[in-house]
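Q: Sharing a model prediction with you, sequence too.
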Amino acid sequence: MELENWRDKAACKNHTDLFFSNVRRDGLKALYLCKRCPVRQECENFANQFTDVSGIFGGKLYRKKVEAKVPPRRLICGTVEGYQLHKRNGEFVCVECDYANKETKRSMDYLWA
Ligand code: SF4
Ligand SMILES: [Zn+2]
């Protein structure tokens, strides 16, 4: 089927903004449209041709596969940032980070005393 052919019948034809929105409610509206869409299968087939689509197609949420591969932020030990990252990850705080955190606190206390 021609690309334009099925696009013309799409339930989302005049609501494409909903499909690329970061607002959850918009996403839900979009999925609702897909549910009633007569060209859902064509739409899904279309999306499956690509590895880097993101948005809603055929009633499914696609995220760019490259996004999933982004490595977690590198931890730089011996910094307050490192300390906070350990905490956020629920990890054991290493000696360097613990020290950096205490030192910073100490100098803060000194500054504000
Ligand atoms: S399935 Fe959803 S995204 Fe695809 S054309 Fe229909 S309404 Fe649009
Ligand atoms: Zn550390």
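A: Received it, and whenever you're ready, just let me know what you need. Numbers count the residues shown, from 1 in each chain. Ligands and ions are numbered 1, 2, ... in the order given.
Q: neighbouring contacts of the helix or strand harbouring Lys102?
A: Using DSSP states H and E, Lys102 sits in helix 95-112. If you take Cβ atoms under 8 Å, 6 or more residues apart in numbering as the criterion, helix 95-112 is touched by 77-80, 82-83, 86, 93. Backbone N, C-alpha and C define where each C-beta goes, glycine included.
Q: how does it look with 10 Å?
A: 75-87, 91-94 (Cβ atoms under 10 Å, 6 or more residues apart in numbering).
Q: just how off-centre is that helix within its chain?
A: Taking Cα atoms, centre = their mean, to the nearest Å, one finds helix 95-112 lying 34 Å from the centre of the chain it belongs to.
Q: Buried residues, it. List them.
A: Buried positions in helix 95-112, judged by neighbour count with 16 or more other Cβ atoms under 10 Å: 97-98, 100-101.
Q: touching ligand 2 at all, it?
A: Yes. Using Cβ under 5 Å from the ion, helix 95-112 reaches ligand 2 at Cys97.
Q: now that helix: mean pLDDT?
A: For helix 95-112, the mean pLDDT works out to 85.
Q: Any residues of this protein in contact with ligand 2? List them.
A: 77, 82, 94, 97.
Q: neighbour-wise, which of the residues you listed leads?
A: For the residues of the chain next to ligand 2, the largest neighbour count, defined by other Cβ atoms under 10 Å, is 24 neighbours, found at Cys97.
Q: Which helix or which strand is home to the closest residue to Tyr62 other than its chain neighbours?
A: Nearest non-adjacent residue to Tyr62, counting by Cβ to Cβ, 6 or more residues apart in numbering: Val53, 4.8 Å away. For Val53, there is no enclosing helix or strand under DSSP H and E.
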